[in-house]
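Asks: Provide a 3D model corresponding to the input given below.
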Amino acid sequence: MKTICVYCASSTQVKPSYFDATASLATILAKANLSVVYGGGSNGLMGQLADSMLAAGGKITGIIPRFMCEVEWNHTNLTELVLVETMHERKEKMAMMADAVVALPGGCGTLEELLEVITWKRLGIFTKPIVIVNLEGYFDALITMLNRAVDEHFMRDEHRQMWKVVETAEEVLPAIQNSVSWDSNARAFAAL
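Replies: Model prediction:
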């Protein structure tokens, strides 16, 4: 494992505790000699993630659509900044570079990224660990909805193993290491 993809918010108006947890996660990943790939932003939890990775001596790559750079949403001091043309290209590149995905609290973009990578895992396109960091219960409703989708037979019971839920940054690496093995054979039981 070398690179962790982190999905998180660009909002500057979120709880200070979310900033603290993001800084902790970045420090933990940098100290473990893991690189991060993320959406390339400079604000909110995205900016905190980048700044904390860099402060801890870590490497962080931002993947960002060109139009976001035109309005100066990009972080200007990353290890590497990769410009892409579309949001779809951004998401695909981030996921394909990753050895695991971690979702911190975020808005519709973060939720959409997380749900897409879960869908890809169900189809055997993405086979790496997915960890949802449920800070202060932020993802409770989403986790309830995912479980309801299983309970109502929109997904199989085995699909609950596609993600791990933790409550703190400190639990992320153990959750990644203890994730259930997954491969492209998931296609065999993707449909009901």
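Asks: can you list contacts of stretch 170-181?
Replies: Here stretch 170-181 makes contact (CB atoms under 8 Å, 6 or more residues apart in numbering) with 1, 4, 24-25, 28-29, 32, 100, 102, 129-131, 133, 161, 164, 166. To be clear about C-beta, it is placed using only N, CA and C from the backbone, and glycine gets the same treatment.
Asks: what about that stretch, distance to the chain center?
Replies: Distance of stretch 170-181 from its chain centroid, counting by CA atoms, centre = their mean, to the nearest Å, is 14 Å.
Asks: just the mean pLDDT for that stretch, thanks.
Replies: For stretch 170-181, mean pLDDT is 96.
Asks: now it: buried residues?
Replies: Across stretch 170-181, burial judged by 16 or more other CB atoms under 10 Å covers E171, V172, L173, A175, I176, S179.
Asks: please apply the same query to stretch 2-15.
Replies: T3, I4, C5, V6, Y7, C8, A9, S10, V14.
Asks: in CSV, list the C-alpha atoms belonging to the helix or strand of the chain at the bottom of the mean pLDDT ranking.
Replies: None of the helices or strands of the chain scores lower by mean pLDDT, DSSP states H and E than helix 66-70, at a mean of 89. Listed next in CSV are the C-alpha coordinates belonging to helix 66-70 (Å, rounded to 0.1, in the frame of the first residue of the first chain):
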residue,chain,number,x,y,z
ARG,A,66,-8.9,22.8,-15.3
PHE,A,67,-11.9,25.1,-14.7
MET,A,68,-11.4,24.9,-11.0
CYS,A,69,-7.9,26.3,-11.5
GLU,A,70,-9.2,29.1,-13.6
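Asks: packing partners of that helix?
Replies: strand 80-84 (3 or more CB pairs under 8 Å, 6 or more residues apart in numbering; DSSP states H and E).
Asks: and the contacts of the strand it packs on?
Replies: By CB under 8 Å, 6+ apart, strand 80-84 touches 40, 59-66, 69, 74-75, 90, 93.
Asks: got it, and stretch 15-29?
Replies: With contact meaning CB under 8 Å, 6+ apart, stretch 15-29 is reached by 4, 6, 8-9, 35-36, 45, 48-50, 52-53, 55-56, 58, 102, 104-105, 133, 135-136, 138, 168-170, 172-173.
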